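Q: Quick one: sequence and predicted model below, then my questions.
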Amino acid sequence: MEREKFGSRLGFILISAGCAIGLGNVWRFPYITGKYGGAAFVLIYLVFLLILGLPIMVAEFAVGRASQKSAALSFDVLEPKGTKWHLYKYGAIAGNYLLMMFYTTIAGWMILYFVKMAGGRFTGLNSEQVSGVFQDMLGEPLLMTAFMVLVVLLCFAVCSKGLQKGVEKITKGMMVCLLVLMIVLAVRSVLLPGGKEGLRFYLYPDFSKVAEAGIGEVVYAAMGQAFFTLSIGIGALAIFGSYIGPERALTGEAINICVLDTSVALMAGLIIFPACFAYQVQPDSGPSLIFITLPNVFNAMAGGRLWGTLFFLFMTFAALSTVIAVFENIISFTMDLKGCSRKKAVLTNLFGVLLLSMPCVLGYNILSFVTPLGEGSTILDLEDFIVSNNLLPLGSLVYLLFCTSKLGWGYDHFLKEANTGEGVRFPKGVAVYVKYILPLIILFIFVMGYYTKFFAA
C-alpha cells in the first residue's frame, strides 16, 4: 500500500508545529521566562533550542522519511542486521499512548472552559468562587468523562478521514485560527492600561535575575524547556517525516517548526503578562494559571467574557492539534504493525484510548486517594512524569545514537537523508558535538529531572 503524503509543504509544517505546540507553551514558558529574567532567559532558551532540540527533531524526521514507516517499524527497516534498536518501538508506542492518557482529559477541560466562559459562568464571581469552579469540575467524574469522550471522538473522526482530507485540512484550519486568535489577544493585552509594566517585565533583559537564581539553574531551566517543548523522543514527529517527499532538506523544515513553536510560546507571554500586571494578579504556573488566574483577569477586564471565550477557543485549538497529531501516530502504529485499514485502526484505538484515559479522569475524584508521587500528587502527575522525565529524554537519546553511531543507522546515512532536497542542510562539521556532547547533555537533563523531582528542596 502506497504511503500517504501531505498535500502541501505548509500542511506538513503546520501539523508538525501543531504536535509540538502544546499547553506547556502557554502555561510553562511565560512563567519560567518571567521567573528567570525575561528576555535574558529567552536568549539562553533560543540557543538551547538550536543546539538541543533542532538536531534531535531532524534525526526523528530523517528516520521517518528514510523508513517510510512510523516508529513501530522504522527501526526494523533501518537497523543493521542482528541489532536490537527495534526494541525501542515499545517505548515510542507507550509514550504516545501515555501522553494521550492525560492529554485527552486536559483538552476536555479546555472545551469545557470555553463553554463556561461563552455562557457567562464566571461573570460576577470573586477569585475564591472562580477557584471553586475549577475544584467543582475536578469533583465531577461524569462531566469530565463526557468532555474527554468528546475530545477522543472528535479527533479520531478527523483522523479517520485520512491524512490530506482529515488531519491536514482540519489542522491547517485550526492552526491558522490559533495564530490569528493569539495575535488578536496579544494586541488587546498589550494595549490594556498598566499593561506596559507587564511587557517590560517580560521582554526587558534582567541579568540580575539570572544571577539571583544562579546561572546553573537558569541554564537547566532553558535546556529543559527547549527539550520538552518539541515533543521529541517518542516518534510523534517521526511519523510526519514519513509523509514528507524528497523535495525538501529536513533541517530547514525543522527550523520552521521551531520558529512557529517559539513564536506561539512568546505570544502567550504577550497575552498573559500585560494582563496580569494590568490587574495586579500574580502570574502562576501550571493549571492554576489557565483555570484560576486568567478567568479572574478576564472578569476584571472590559468585555472580558468575549476575550476569555476567545482565549479558551485558542487553548482548545492548541490542545486538539496535539491530540490529532498523536492520534495520527497511534493509528499509523496499528496500520504498520497489523497491516489493517485506517478505519479499522481508528475503531480499535478509539475504544483503547477511551479506556486508558479513564484513570486520569477518576484520579481527581473517585481515585483521588491514589497519590503515586507523594502527598498531593495525582494519576496525571505520574503519567506526565513517565513521559516527560523518562520517555522523552531516553527516546531522544535512542534516536540520536541510532543516527550517529556505527552500531546503528550511522551518521553518513543520516546526513544523506537529512540533506536530500532543497533548503538548509545539516552541517557535517558538527559530528563530534552530536555524537559525543549532545548525548551527555540529554543524560544530564534526565538525571536532573529525577533530582529536582525527588531530592531538591
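A: Ah, there it is. Predicted model, so just to flag it, every value in this text is computed and none were measured.
Q: Which elements pack onto whichever strand or helix holds residue 271?
A: For residue 271, the host element (DSSP states H and E) is helix 250-278. Helices and strands in packing contact with helix 250-278 are listed as helix 9-20, helix 23-27, helix 29-35, helix 54-67, helix 169-190, helix 195-203, helix 294-300, helix 411-418; criterion 3 or more Cβ pairs under 8 Å, 6 or more residues apart in numbering; DSSP states H and E. All C-beta atoms are positioned from the backbone trio N, CA, C, and that covers glycine.
Q: looking at the ones you listed, which is buried most?
A: helix 54-67 (a mean of 26; mean count of other Cβ atoms under 10 Å).
Q: How about residues contacting the helix or strand following that one?
A: Note on helix 54-67: by DSSP H and E, the next helix or strand toward the C-terminus is helix 74-78. The contact list for helix 74-78 (Cβ atoms under 8 Å, 6 or more residues apart in numbering) reads 63-64, 66-69, 85-86, 88-89, 235, 238, 242, 402, 409, 413.
Q: what inclination does the helix or strand following helix 74-78 have with respect to helix 54-67?
A: For helix 74-78, the succeeding helix or strand toward the C-terminus, using DSSP H and E, is helix 89-118. Counting by axes from the mean of the first three to the mean of the last three Cα atoms, to 10 degrees, helix 89-118 lies at 110 degrees to helix 54-67.
Q: Report the buried residues of helix 89-118.
A: Of the residues in helix 89-118, those buried under the neighbour-count criterion (16 or more other Cβ atoms under 10 Å) are 89, 91-114, 116-117.
Q: What helices and strands are in contact with it?
A: helix 127-138, helix 141-160, helix 294-300, helix 304-338, helix 342-362, helix 379-386, helix 392-404.
Q: Make CSV out of these and add mean pLDDT and distance to residue 426.
A: Putting those into CSV (pLDDT from 0 to 100; distance: least, Cβ to Cβ, whole Å) gives the following:
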stretch, mean pLDDT, distance to residue 426
helix 127-138, 94, 45
helix 141-160, 97, 31
helix 294-300, 91, 40
helix 304-338, 94, 23
helix 342-362, 97, 32
helix 379-386, 94, 31
helix 392-404, 96, 10
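Q: Which among the ones you listed is found nearest to residue 373?
A: Among the helices and strands packed on helix 89-118, the nearest to residue 373 by Cβ to Cβ is helix 379-386 (5.3 Å).
Q: Give me the helices and strands touching the closest one, please.
A: Applying 3+ Cβ pairs under 8 Å, 6+ apart, one finds that helix 379-386 contacts helix 89-118, helix 342-362.
Q: Let me see the contact set for residue 391.
A: Going by Cβ under 8 Å, 6+ apart, residue 391 touches 91-92, 94-95, 98, 233-234.
Q: thinking again about what came up before, of all the helices and strands packed on helix 89-118, which one is nearest residue 31?
A: Between residue 31 and those, the tightest spacing by Cβ to Cβ is seen for helix 294-300, at 12.2 Å.
Q: other SSEs contacting the closest one?
A: helix 89-118, helix 127-138, helix 250-278, helix 304-338.
Q: I'd like the helices and strands packed on helix 379-386 laid out as JSON lines, including distance to residue 418.
A: Supplementary listing: these in JSON lines, determined by distance: least, Cβ to Cβ, whole Å:
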{"stretch": "helix 89-118", "distance to residue 418": "20"}
{"stretch": "helix 342-362", "distance to residue 418": "29"}
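Q: looking at the ones you listed, which is closest to residue 166?
A: Proximity to residue 166 (Cβ to Cβ) singles out helix 342-362 among these, at 9.2 Å.
Q: in the closest one, what counts as buried?
A: Taking 16+ other Cβ under 10 Å as the criterion, helix 342-362 shows 342, 345-346, 349-350, 353-354, 356-362 as buried.
Q: Now do the helix or strand that residue 239 is a member of: everything it contacts.
A: When elements are assigned from DSSP H and E, residue 239 belongs to helix 238-241. Residues from elsewhere that reach helix 238-241, judged by Cβ under 8 Å, 6+ apart: 6, 12, 15-16, 19, 60-65, 70-71, 74, 92, 250, 325, 328-329, 332, 399.
Q: same thing but at 7 Å, please
A: Residues lying outside helix 238-241 but in contact with it, judged by Cβ atoms under 7 Å, 6 or more residues apart in numbering, are 12, 15-16, 60-65, 70-71, 74, 328-329, 332.
Q: mind checking how far that helix is from the chain centre?
A: When C-alpha coordinates are averaged (Cα atoms, centre = their mean, to the nearest Å), helix 238-241 and its chain have centres 15 Å apart.
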